[in-house]
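A.B. asks: using only what follows, build the 3D model:
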Amino acid sequence: MAVRSHTFNGVKYDIDICNRLDGTCDSPRGGRPSLRVSVPLNTQKGLITLLHECLHAEGWAKSEDVIERVSREAGTLAWRLGYRKEG
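C.D. replies: Here you go, the predicted model:
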């Protein structure tokens, strides 16, 4: 079953795994925002990109430097611990 939406910090986001940029996340202001990831989720880069966009959704006001650092560090640790997308 495909994931179509998820709530971050009280805001429901549409989830779109696609073939465009590595990933994007809309501002929670105005309309229904979406979070898009186009990097294959069974790769380390895909895991880090997904975490990166989730962090934007959870804390839109955080700086890009903080989002980049935390997603890279957490994604790298999760990958080292064996977290992978099944299927």
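A.B. asks: and the pLDDT for L21?
C.D. replies: Listed pLDDT for L21 reads 61.
A.B. asks: what is the longest strand of the protein by residue count?
C.D. replies: Secondary structure of the chain per DSSP state E: the longest strand is strand 11-17.
A.B. asks: pull the longest helix from this protein.
C.D. replies: For the chain, the helix with the greatest residue count under DSSP state H is helix 64-80.
A.B. asks: export that helix as CSV, just CAs?
C.D. replies: Provided in CSV are the C-alpha atoms of helix 64-80 (Å, rounded to 0.1, in the frame of the first residue of the first chain):
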residue,chain,number,x,y,z
GLU,A,64,18.9,24.9,5.4
ASP,A,65,22.3,24.4,7.0
VAL,A,66,20.7,22.8,10.1
ILE,A,67,18.3,20.7,7.9
GLU,A,68,21.2,19.5,5.7
ARG,A,69,23.4,18.6,8.7
VAL,A,70,20.8,16.7,10.7
SER,A,71,19.4,14.8,7.7
ARG,A,72,22.9,13.7,6.6
GLU,A,73,24.0,12.7,10.1
ALA,A,74,20.7,10.9,11.0
GLY,A,75,20.5,9.3,7.5
THR,A,76,24.1,8.1,7.6
LEU,A,77,23.6,6.5,11.1
ALA,A,78,20.3,4.9,10.0
TRP,A,79,22.0,3.5,6.9
ARG,A,80,24.9,2.2,8.9
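A.B. asks: list the buried ones in the longest strand of the chain?
C.D. replies: Residues of strand 11-17 classed as buried by neighbour count (16 or more other CB atoms under 10 Å): V11, Y13, I15, D16, I17. Yep, even glycine has a C-beta here, placed from its N, CA and C like the rest.
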